[in-house]
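Asker: Sequence first, then the predicted structure, then my questions.
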Amino acid sequence: WNNDSVSKFNNRFVHYLYVSSDVADTIDYYFFYGPEFDRIIADYRELTGAAPMFGKWAYGFWQCKNKYTSQEQILDVASKYRELHIPIDNIVQDWFWWTSTGEFVFNRHYPDPKGMIDDLHREHVHIMFSIWPFFYPGTPTYEDMDKRGYFIARTPVKAFHPRGSALYDAFNPQARKYYWNLVDKSLFQIGADAWWMDTTEPETEGVAENLLLSHKVAAGNGARFANLYPLMTTSGVSTGQRAESDKKRVFILSRSAFSGIQRYGVTAWSGDVLADFETYKRQISAALNFELSGIPYWTSDIGGFILGHPDDPRYRELFVRWFQFGTFCPIFRVHGTRAPDTNELWSYGPDAQSILVSFDKLRYRLMPYIYSMAWMITSRSYTPMRPLVMDFPADRRVLNIGDQYMFGPAILVNPVTEEGATKRHLYLPAGATWYDFWTGAGQ
């Protein structure tokens, strides 16, 4: 379905599919015939672009929460992971490290950003920074961009700023270049490793729909191109970094995606989800359906973004189960808003910590397998999280299994998703010989 405007898909009845878009001159779509799923996805990527490999570190464990608020916190957490010999490759600095949104200047709690990044790199820890497409009035950057005509819309939302905020026009090539230069000068040139491009829909608090629907963009009517914004803004950062240096591979985490976004080194995540078992269970089928769209890199907020207390036994169980599932996702990242302000693996008590660390170490034990799979993604248009129908199409029983999947060519993953459960039913598809990973016993 080749349309850039907001579209709606309705297939709630088995034999019917309704597709519509807000703006369309013609019905335009592509049809790929495999018949194998891998062939269909390979054809899609041939048309829209291959997914480049990330640096090996990106496939390791990521520590994140909402949010670290100082240079001291970042360094202390990274140091403690090393002291406890808990494997980690990346730490994430979420929003408001800046003085004002859109003014890419570190606030006073980060007295030496380059020194912080250098210290992390000496400990072999990478760092990703959150960056937004919004700009608050009253800063030199805002005034300069406003004079140049680089803004699409000024939102009336006053949740964070009394005068609202402005969204930069990622459809304008000069505005994209300007935005990358801000990122380059403030972050990339001091050693930052990756970009968390949040709110790429673009939507924000207090606004119920896409901001482009009622505004013009450089390409024309915003409603006609609304769904393209994540593709345009990530393309500017990706191509900007590649033009600046070939010494570091691009990694972008984006809250939204569009066809072809994989060619810019983008991983999508499932957004600000709730911290409960039902939401966690839905992440599995959500991931598998997303993978079938042809974009290979996906992740979720392990533990959920909203709610959850490390001292609550029920929440600890949820976090452990979600972490076990996350071990077998393309990108392995914890995140969330916790009370108290903690989300590290030692925050959940010694029993939980023992399980969490064992799965963290399992991830690194599997690293040769995972990194080889990453090469398959790039070179063969491979899909890492695989609905069972991809590998066992002759077995009709797998058609409606949404909570088991293949992680690469050899590992069948069966997450436990029921609260209080210590075992689960699973289905072993026909046409393969199965072995218990933990014991080596045959089926």
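Answerer: Arrived safely. Numbers count the residues shown, from 1 in each chain.
Asker: contacts and neighbour counts: CA atoms only from here.
Answerer: Fine.
Asker: show me the contacts for E419.
Answerer: Residues in contact with E419 (C-alpha atoms under 8 Å, 6 or more residues apart in numbering) are F277, E317, L318.
Asker: Tell me the helices and strands packed up against the helix or strand containing the last one.
Answerer: I take that to be L318. Per DSSP states H and E: L318 is located in helix 313-326. Counting contacts by 3 or more C-alpha pairs under 8 Å, 6 or more residues apart in numbering; DSSP states H and E, helix 313-326 is packed against helix 349-365.
Asker: ok, residues contacting the helix it packs on?
Answerer: The contact list for helix 349-365, computed with C-alpha under 8 Å, 6+ apart, reads 60-61, 86-87, 311, 316-317, 320, 323-324, 327-328, 345-347.
Asker: Out of those residues, give me the one that has the most neighbours.
Answerer: F328 (26 neighbours; other C-alpha atoms under 10 Å).
Asker: What's the first helix or strand after the one helix or strand in the chain whose mean pLDDT sits lowest?
Answerer: The weakest-scoring helix or strand in the chain, judged by mean pLDDT, DSSP states H and E, is strand 151-155 (a mean of 80). Moving toward the C-terminus from strand 151-155, the next helix or strand (DSSP H and E) is strand 165-168.
Asker: For the nearest residue to A192 once chain neighbours are set aside, give the beta-bridge partners.
Answerer: Of all residues not flanking A192 in the chain, I127 sits nearest, at 6.1 Å (C-alpha to C-alpha, 6 or more residues apart in numbering). Taking DSSP bridges as the rule, I127 bridges to I91.
Asker: I127 reaches F188, doesn't it?
Answerer: No - taking contacts as C-alpha atoms under 8 Å, I127 lies outside contact range of F188: 10.9 Å.
Asker: Which one of these two is surrounded by more residues?
Answerer: I127 (21 against 18).
Asker: how far does stretch 186-194 stretch from start to finish?
Answerer: Start-to-end span of stretch 186-194 (C-alpha to C-alpha, to the nearest Å) is 13 Å.
Asker: any idea of the mean pLDDT for that stretch?
Answerer: Across stretch 186-194, the average pLDDT comes to 98.
Asker: residues of it that come out buried?
Answerer: S186, L187, F188, G191, A192, D193, A194 (16 or more other C-alpha atoms under 10 Å).
Asker: cool, stretch 30-48 as well?
Answerer: Result for stretch 30-48 [16+ other C-alpha under 10 Å]: buried residues F37, D38, R39, I40, I41, A42, D43, Y44, R45.
Asker: ok, residues contacting it?
Answerer: Outside stretch 30-48, the residues that reach it (C-alpha under 8 Å, 6+ apart) are 1-2, 51, 259-260, 263, 292-294, 380-383, 390.
Asker: Buried members of the residues you listed into ChimeraX, please.
Answerer: Filtering the contacts of stretch 30-48 down to the buried ones (16+ other C-alpha under 10 Å) takes a single ChimeraX command:
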select :51,259,260,263,292,294,380,381,382,383,390
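Asker: Columns secondary structure and pLDDT on top of the contacts of stretch 30-48, output as a markdown table?
Answerer: Supplementary listing: the contacts of stretch 30-48 in a markdown table, determined by DSSP: H, G, I helix; E, B strand; the rest coil; pLDDT from 0 to 100:
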| residue | secondary structure | pLDDT |
| --- | --- | --- |
| W1 | coil | 89 |
| N2 | coil | 91 |
| A51 | coil | 98 |
| S259 | coil | 95 |
| G260 | coil | 97 |
| R263 | helix | 98 |
| L292 | coil | 96 |
| S293 | coil | 94 |
| G294 | coil | 96 |
| R380 | helix | 97 |
| S381 | coil | 98 |
| Y382 | coil | 98 |
| T383 | coil | 98 |
| M390 | helix | 97 |
